[in-house]
Each structure stands twice: as C-alpha cells, then as structure tokens.
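[1] Make a model of this:
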Amino acid sequence: MLSMIEHTAYVYVLRSLKNKKKYIGSTRLKLEIRMRQHNYGSNKWTRQNGPFELIYTEKFSTFSEARKRENFFKSGVGRKYLNEILDKAHSSASAEGGSASGGG
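    Predicted structure coming up:
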C-alpha cells in the first residue's frame, strides 16, 4: 500500500480560479492529495474560494522548516518576496509560452 505521507514536507501556494486569491500552506502529505482536499473544501476558506490551481512549491526535509517558511510567506516581507518570485516565474513562462505553475 502506498503511503499518503511523504518523508519530506512542502510549502505550497494555491491560486483560486474563482477570484485569484492566494492560499499559502504547508503539509507532510503528497501534494496531489493535499490539493484534492483543498478542492473538496477541506476548510471554510477553501470551500468559499475554490477550486484552486497549484502555482508554487518548495520542498523541505522537516515539517518544522516548512512551517517556518509558510509563516515567512504570510508576513509582510515574505508576501512581497513571494510575489516577486511568482512574478518572475510568470514572466519567464509567458516568454517561453508555458505556464508558471510550481517551483522550488
């Protein structure tokens, strides 16, 4: 039986297809599973703002590291930094004719 839990942890950013709002989270689950949970409305915010697309990820060796990065991205400085990363990814993907989903 395949495990749903990874031996690593992730920080991920979702974008609402409904209203373009971003959701930042961290998980030990495989990203496909966590994404499915969000798209099924696993909490009040995701129920109201879904469906979502995964637009950015970072991988960590511990959940503690992932949580620290999530909290950073949710801070003022971290939000600005994340937006710069996403803007660069979007610009390069647009220039190449692709999509800017993922990273890290």
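
[2] chain center to whichever strand in the chain runs longest, what's the gap?
    Longest strand in the chain, counting residues (DSSP state E): strand 5-16. Centroid separation for strand 5-16 versus its chain: 6 Å, with Cα atoms, centre = their mean, to the nearest Å.

[3] Could you tell me the average pLDDT over that strand, please?
    Taken as a whole, strand 5-16 has a mean pLDDT of 90.

[4] Then stretch 68-80?
    On average, the pLDDT along stretch 68-80 is 97.

[5] For this protein, which segments count as strands?
    Under DSSP E, the chain gives strands at 5-16, 22-29, 52-60.

[6] Take those strands and lay them out in CSV including distance to residue 41 and mean neighbour count.
    All C-beta spots, glycine's among them, are computed from the backbone N, C-alpha and C. Shown next, in CSV, are those (distance: least, Cβ to Cβ, whole Å; neighbours: other Cβ atoms under 10 Å):
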stretch, distance to residue 41, mean neighbour count
strand 5-16, 12, 19
strand 22-29, 12, 18
strand 52-60, 10, 17
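
[7] Among these, which comes closest to residue 67?
    Closest approach to residue 67 among the strands of the chain (Cβ to Cβ): strand 22-29, 5.2 Å.

[8] Tell me the strands beside that closest one, with direction?
    Sheet pairing of strand 22-29 (DSSP bridges) gives strand 5-16 (antiparallel).

[9] number of nearby residues for residue 19?
    Number of residues near residue 19 (other Cβ atoms under 10 Å) recorded here: 9.

[10] show me what contacts it?
    residue 49 (Cβ atoms under 8 Å, 6 or more residues apart in numbering).

[11] where's it relative to residue 68, distance?
    28 Å (Cβ to Cβ, to the nearest Å).

[12] Redo the strands of the chain as JSON lines? Include distance to residue 83.
    As requested, these are exported to JSON lines (distance: least, Cβ to Cβ, whole Å):
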{"stretch": "strand 5-16", "distance to residue 83": "10"}
{"stretch": "strand 22-29", "distance to residue 83": "9"}
{"stretch": "strand 52-60", "distance to residue 83": "11"}
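
[13] Among those strands, which comes closest to residue 45?
    Counting by Cβ to Cβ, residue 45 lies closest to strand 22-29 out of the strands of the chain; the figure is 7.0 Å.
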